[in-house]
Every structure is written in C-alpha cells, then in structure tokens.
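Visitor: for reference, the sequence and a predicted model appear below.
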Amino acid sequence: MKKLSRILNLLPTASLKQAGFTMIELLVVIAVIGVLAVAVLSSINPIEQINKGRDTRTRSDAAQLINAVDRYYSIHEKYPWNVKAEGYEAVGLENTPNLEYVYKGNHPDTPPSVAVDNLFGWVNTLVETSEVKEGFVNRLYQDNSISMFKAQGPNQTMYACFYPSSNAFKQEAWDNCVDGVTPTTNLVGDFVPCERYDGTFDPTVANAICLP
C-alpha cells in the first residue's frame, strides 16, 4: 500500500487530471450524438418507412387475392362470391357469375366500419379450396383496405384496389393515373380510382393503386 502511494505521488498532477473526461467534454459528445441522431432520423423518416412497408404488404395481398380468385374461376368456372359461404349470402350471384361485383372495403365514401364478414365472407371459400391460408384471410379482415371490382360481362377485368398511406406509393398511384396504367373512369358504380391525374403531384389527393 505504501509503495502504491509513493507511485501515485511520483505521477504528475496533470496526468491524473487527464485520466477521465471533463463535464464539458461529455456534454459536447452528447450534443454531437444528438445532432447525428436527428439527422439520421430525418433522412430515414421512420413513419414513411412504416407506411411504405404497410403499402407493400397490401399490394402483395391484393395480388395474391386476384391470383387465388383466378385459380378458383379456372377450376370451378364461377367466382367464389357466387358460392354461399359463412357470413355471406350469394343472393342474385349464385347462378350468374359474370354479373357486376363490387366490394368497396375502406373506400373514402364508405366508412371502415362496414361489416366485412357480411360482404367479403366469400374469401372463406378460397380457404376451403386451399387457394389461400386462413391467416391470409384474417389479415384481410383486420386490414380492410382492399376493394374488389368486376364489371358485368365474361371478359371484364377484375380489379383489386387500395389507397396507399406512404408518399412513395401515393406518387406511384399518381404516376399510374397520369400514364393510364390505372383507369381514369369508374371501374364499377361510382368508384373512380383516379381522383386527379394531371398537374403537379399532390399527396392529399386520393388516388388508388389498382391491380392488375
């Protein structure tokens, strides 16, 4: 112990003071870290990334739903909404598979509180025929953002549309309307997927992304 005291006494006082950080140095480091964190968060925009991920999943679900319906139709020569399913009565559609079909989902003119099970219950038929898994249907019910449209006639295109929440997908929806990828007239009934399809991009305008 005495030897350690002698060694410490021999060390210069300046060396002992430089062994740690001063309060000012710590504050400067914390401030720099804070500035860098703010810069990184601003460039990444986490809310936009979350919305983009949600839109990506919704588009994937829409594509999967269309493919499942097409497979079902190719085998049974009628659409799954022509079949009575749990929570869904195929009134007027059971023997007329090429009539107009509309499910508006979470359309701006239709509140999200629409009874999905009463209008979209035919998706359960796709589960019974192993076209989709039950977890996929549960996600559709919870999300309630995909709208389905098919005009009357055997050769009419079936659409699955949704309104994006991220600016990146809103820009894509706008561009699709401008380029004519998305129909600019009513798909079925009063549903117009392109509210505005010219001029400068405006993220507040409700333009839909429609598949195929």
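Guide: Sure, I can see it. Residues are numbered from 1 along each chain as shown.
Visitor: roughly how far is the helix or strand harbouring Ser74 from the heart of the chain?
Guide: Element membership for Ser74 (DSSP states H and E) is helix 46-76. Relative to the mean C-alpha coordinate of its chain, helix 46-76 is positioned 9 Å out (Cα atoms, centre = their mean, to the nearest Å).
Visitor: from the contact counts, what lies against that helix?
Guide: Judged by 3 or more Cβ pairs under 8 Å, 6 or more residues apart in numbering; DSSP states H and E, the packing partners of helix 46-76 are helix 123-128, helix 134-143, strand 158-162, helix 167-179, strand 209-211. The C-beta positions use only the backbone N, C-alpha and C, and glycine is treated the same way.
Visitor: quick check: can you name the pairing partners of the shortest one and their directions?
Guide: Sheet pairing for strand 209-211, assigned by DSSP bridges, gives strand 158-162 (antiparallel).
Visitor: could you pull up the mean pLDDT of the strand it pairs with?
Guide: Across strand 158-162, the average pLDDT comes to 89.
Visitor: how about Ser147: which residues does it bridge to?
Guide: With DSSP bridges as the rule, Ser147 is bridged to Cys161.
Visitor: didn't it look like it was pressed against Met158?
Guide: No. Ser147 sits out of contact with Met158 when judged by Cβ atoms under 8 Å, with a separation of 11.5 Å.
Visitor: show me which of those two is the more surrounded one.
Guide: Ser147 (25 against 18; other Cβ atoms under 10 Å).
Visitor: Glu195 should be in a helix, yeah?
Guide: No. Going by DSSP: H, G, I helix; E, B strand; the rest coil, the assignment for Glu195 is coil, not a helix.
Visitor: going forward, count from 18.
Guide: Taking 18 as the first residue, the last one we looked at is Glu212.
Visitor: ok, Lys95 to Val154 distance?
Guide: Distance, Lys95 to Val154, using Cβ to Cβ, to the nearest Å: 19 Å.
Visitor: same question for Ser91.
Guide: Here the criterion is Cβ to Cβ. By it, Ser91 lies 20 Å from Val154.
Visitor: the nearest residue in space to Thr146 that is not next to it in sequence and Gln66: what is the separation?
Guide: Once flanking residues are discounted, Thr146 sits nearest to Tyr89: 6.3 Å by Cβ to Cβ, 6 or more residues apart in numbering. Tyr89 sits 35 Å away from Gln66, going by Cβ to Cβ.
Visitor: and what of Cys194?
Guide: Going from Cys194 to Gln66 by Cβ to Cβ gives 24 Å.
Visitor: low-confidence stretches in the chain?
Guide: Within the chain, the ranges that satisfy pLDDT under 70 run 18-38, 54-61, 102-112, 121-137.
Visitor: the most centrally placed residue in the chain: what's it in contact with?
Guide: The centre of the chain sits closest to Asp72, judged by Cα atoms, centre = their mean, with a distance of 2.2 Å. Under the criterion of Cβ atoms under 8 Å, 6 or more residues apart in numbering, the contact list for Asp72 reads 179, 181-183, 185-186, 226.
Visitor: please apply the same query to Val144.
Guide: Here Val144 is in contact with 150-151, 154 (criterion: Cβ under 8 Å, 6+ apart).
Visitor: do that again at 10 Å, thanks
Guide: 85, 97, 102-103, 150-155 (Cβ atoms under 10 Å, 6 or more residues apart in numbering).
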